[in-house]
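**Student:** Give me the fold of what follows.
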Amino acid sequence: MPESRLAQSVAVAEPIHLVPDLAGCPYDAYTQLREDGGAHQAVMTEGLPVWVISRHEDVKALLADPRMSMNARTAGRGYPGFQFPPALNEHLLNVDAADHARIRRLISKAFTPRRVAMLSEQIQQTTDTLLDSVAPKGRSDLLADLAVPLPISVISDILGIPESDGAAFRRFTATLMDPSDQARAARRQVVAEMHEFFVALVARKRSQPADDVFSVMIEASATGEQLSANEMTSLAFLILWAGFETTVYAIATAISLALTDPRVADLVRNQDSPHTPAMEALVEEVLRLEGPLLTAIRRFPTEDIDVAGRTIPAGSTVLLAISSANRDPEAFDQPDEFQAGRPPAAHLALGHGPHYCLGAPLARIEIRTALWSLLHRLPDARLAVPRDQLAWKPDYRQHALTELPITFTAQPTL
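**Tutor:** This is a model prediction of the structure:
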């Protein structure tokens, strides 16, 4: 992995430039931030100010601190956000307190343990089908051939998106994930199309309910806890963008680690199912060591707060570096090493507190299933390039591969 420029300096000079200093794989830079105080001023690519918090104790505390608002309306001057229309912006990651609890209570009805368990068989079937298509080729970009289409299939089922709309849905996700300048220029039009798509989907589910997230939320709303039209379409957008994209990168990174570290690969190959306790523990350690998010979504203190000996003014934009917290030696013994038997409870890869990832159980099943199935279906799979030559998105928010090239002995379709 490339070494950050920040890690080459003797002391942290503020403001830090999020890109390139804290983008991609900034673990060496995070080490320096923790050692040099844990709370630092930085700037976004647009030159806008932001605070970066890097120590486990502080990150965990602030994730659960009610003074740390998610609502962009509490931000001070300078934070533009993504500038989505209200119909796509009134979701769980942009509301606090009572509104957050009300929306989360309703959507949680669609993510019960029973419903998630029912999806497990579908996830395995989809994974097997995807690998059957890959197996005869002898090489693959697993990001495109497995890590992307598997969560798309799952999200489509959760949202109740019919197969006839699959092409449009795939185009939306491809544009949102593409880091190129051309894709960024196209996002405004894509967002407008997504708005129309989800409005039409909600209307269809109201008249033709089925066994999916929207139908469940519409039914729950009818019993008294009403969701507005904007909240409904915003939740669809959130499930698509936040849930889908994070799972894609988690799957790809887990596979890249297994194909690099024989201890991980051997442990997976020795399991007779993706859902053994050993597989569950392994995935937790992968999430801690190489989680898909470098920072949690931005927060804004509603009052001045003291962190690591520094005062962060109310309204400031704050980024909680969860990938740094997950490698903090004050919280984990030998934090940069993979240890399959490590207690999983302390890692923050999927959040902490009231905004803990609602789709975490589902993401865990997808990661376990993809990793286990690959190493059993294609036992000699290996990276086509050294791991330190893999390409990572130049992003301070996500720890995300742009491709995952592998080679293997071609196998007949089962």
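**Student:** Helix or strand: which one has Arg104?
**Tutor:** Using DSSP states H and E, Arg104 sits within helix 97-107.
**Student:** Show me what that helix is packed up against.
**Tutor:** The contact analysis (3 or more CB pairs under 8 Å, 6 or more residues apart in numbering; DSSP states H and E) places helix 97-107 against helix 213-222, helix 229-238. Every residue, glycine included, has its C-beta placed from N, CA and C.
**Student:** Any chance of a markdown table for those helices, columns mean pLDDT?
**Tutor:** Shown next, in a markdown table, are the helices and strands packed on helix 97-107 (pLDDT from 0 to 100):
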| stretch | mean pLDDT |
| --- | --- |
| helix 213-222 | 70 |
| helix 229-238 | 74 |
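**Student:** who wins for proximity to Gln334 among those helices?
**Tutor:** Closest to Gln334 of those is helix 229-238 (CB to CB; 36.0 Å).
**Student:** hang on, the earlier thing: now the helix or strand following the helix holding Arg104: buried residues?
**Tutor:** Using DSSP H and E, the next helix or strand after helix 97-107 towards the C-terminus is helix 113-134. For helix 113-134, burial by neighbour count (16 or more other CB atoms under 10 Å) applies to 115-116, 119-120, 123-124, 126-127, 130-131, 134.
**Student:** Centre of the chain to helix 113-134, how far?
**Tutor:** 19 Å (CA atoms, centre = their mean, to the nearest Å).
**Student:** For it, which outside residues touch it?
**Tutor:** 140, 142, 145-146, 149-150, 153-154, 157-158, 274-275, 361-362, 365-366, 369-370, 373-374, 377-378, 413-414 (CB atoms under 8 Å, 6 or more residues apart in numbering).
**Student:** Going along the chain from it, find the next helix or strand for me.
**Tutor:** strand 139-141.
**Student:** Each with direction, which strands does that next one pair with?
**Tutor:** Sheet pairing for strand 139-141, assigned by DSSP bridges, gives strand 405-407 (antiparallel).
**Student:** related to what we said a few turns ago, out of the contacts of helix 113-134, which sit inside helices?
**Tutor:** 142, 149-150, 153-154, 157-158, 361-362, 365-366, 369-370, 373-374, 377 (DSSP state H).
**Student:** Let's see the ChimeraX selection covering just the buried ones among these.
**Tutor:** The ChimeraX selection below is limited to those of these classed as buried (16+ other CB under 10 Å):
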select :142,149,150,153,154,157,158,361,362,365,366,369,370,373,374,377
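**Student:** Tell me the one among the ones in helices among the contacts of helix 113-134 nearest to Pro394.
**Tutor:** Of those, the one sitting nearest to Pro394 (CB to CB) turns out to be Leu142, at 20.9 Å.
**Student:** low-scoring stretches of this structure, by residue?
**Tutor:** Applying pLDDT under 70 to the chain picks out residues 1-11, 77-98, 100, 109-110, 163, 166, 176-180, 220-226, 242-243, 414.
**Student:** for it, what spans make up the strands?
**Tutor:** 16-17, 39-43, 49-53, 68-69, 139-141, 300-301, 305-307, 310-312, 318-320, 382-383, 405-407 (DSSP state E).
**Student:** how about those strands, which one is nearest Glu330?
**Tutor:** strand 49-53 (13.9 Å).
**Student:** Leu48 against Ser316, yeah?
**Tutor:** No - the pair Leu48 / Ser316 is not scored as a contact, 10.8 Å apart, by CB atoms under 8 Å.
**Student:** of the two, who's got more company?
**Tutor:** Ser316 (21 against 14; other CB atoms under 10 Å).
**Student:** Ignoring the adjacent residues along the chain, who's closest to that one?
**Tutor:** Among residues not flanking Ser316 along the chain, Trp51 sits closest, at 5.6 Å (CB to CB, 6 or more residues apart in numbering).
**Student:** from memory the one you found sits against Ala321, does it?
**Tutor:** No - using CB under 8 Å, Trp51 and Ala321 do not qualify as a contacting pair, with a distance of 10.4 Å.
**Student:** Of the two, which one has the most company?
**Tutor:** Ala321 (30 against 22).
**Student:** ok, the more buried one - contacts?
**Tutor:** 22, 30, 33, 52-54, 59, 294-295.
**Student:** circling back to that earlier point, buried set for the helix holding Arg104?
**Tutor:** Quick answer for helix 97-107 (16+ other CB under 10 Å): 100, 103-104, 106-107.
**Student:** Fine by me, thanks again.
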